[in-house]
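Visitor: Sharing a model prediction with you, sequence too.
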Amino acid sequence: MAGLRIKISDGLERLFREMAMKRFGYGKGSLSRAAEEAIQNWVSNQLQMEKREFEGDPVKAIEGLLGDVDVDSVELQHLAGKIWVRKALANVSS
């Protein structure tokens, strides 16, 4: 079994504890069972969202989004690369 340490708001923790004990009883392991069920539901929901496929023409979906940008595609690629490098370096510890 793996363990997680998470931080949540006090109000959410209190509500979670109350609901977990109502559902699984006041004995040992009720919080773990409730947390595992909650995480399983969240993961299942995320997997379903990933499986959804875009319906329609993807070109038409993005058509016109960059219409007001006065930069050509090559320059836009260079700018995107610079932004990516800046964000990547911001997450590197010195």
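Guide: Yep, that arrived.
Visitor: contacting residues around the helix ranked longest in the chain?
Guide: When the chain is scanned for its longest helix (criterion: DSSP state H), the result is helix 30-51. Applying CB atoms under 8 Å, 6 or more residues apart in numbering, the external contacts of helix 30-51 come out as 4, 16-17, 19-21, 23-24. Any C-beta I mention is one placed from the backbone N, CA and C, and that applies to glycine too.
Visitor: again, only this time at 6 Å
Guide: With CB atoms under 6 Å, 6 or more residues apart in numbering as the test, helix 30-51 has contacts from 20-21, 24.
Visitor: now do stretch 6-13
Guide: Counting contacts by CB under 6 Å, 6+ apart, no residue outside stretch 6-13 touches it.
Visitor: Now do it: distance to the chain's middle.
Guide: Put simply, stretch 6-13 sits 18 Å off its chain's centre (CA atoms, centre = their mean, to the nearest Å).
Visitor: next one: stretch 35-49
Guide: The answer for stretch 35-49 is 12 Å, by CA atoms, centre = their mean.
Visitor: now stretch 57-70
Guide: Relative to its parent chain, stretch 57-70 has a centroid offset of 26 Å by CA atoms, centre = their mean.
Visitor: Please produce JSON lines containing the contacts of helix 30-51, extended by pLDDT, secondary structure and distance to Asn41.
Guide: Formatted as JSON lines, the contacts of helix 30-51 follow (pLDDT from 0 to 100; DSSP: H, G, I helix; E, B strand; the rest coil; distance: CB to CB, whole Å):
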{"residue": "Ala20", "pLDDT": "95", "secondary structure": "helix", "distance to Asn41": "14"}
{"residue": "Met21", "pLDDT": "95", "secondary structure": "helix", "distance to Asn41": "18"}
{"residue": "Phe24", "pLDDT": "93", "secondary structure": "helix", "distance to Asn41": "15"}
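Visitor: ok, and the most crowded of those?
Guide: Neighbour count (other CB atoms under 10 Å) singles out Ala20 as the most crowded of these, with 20 neighbours.
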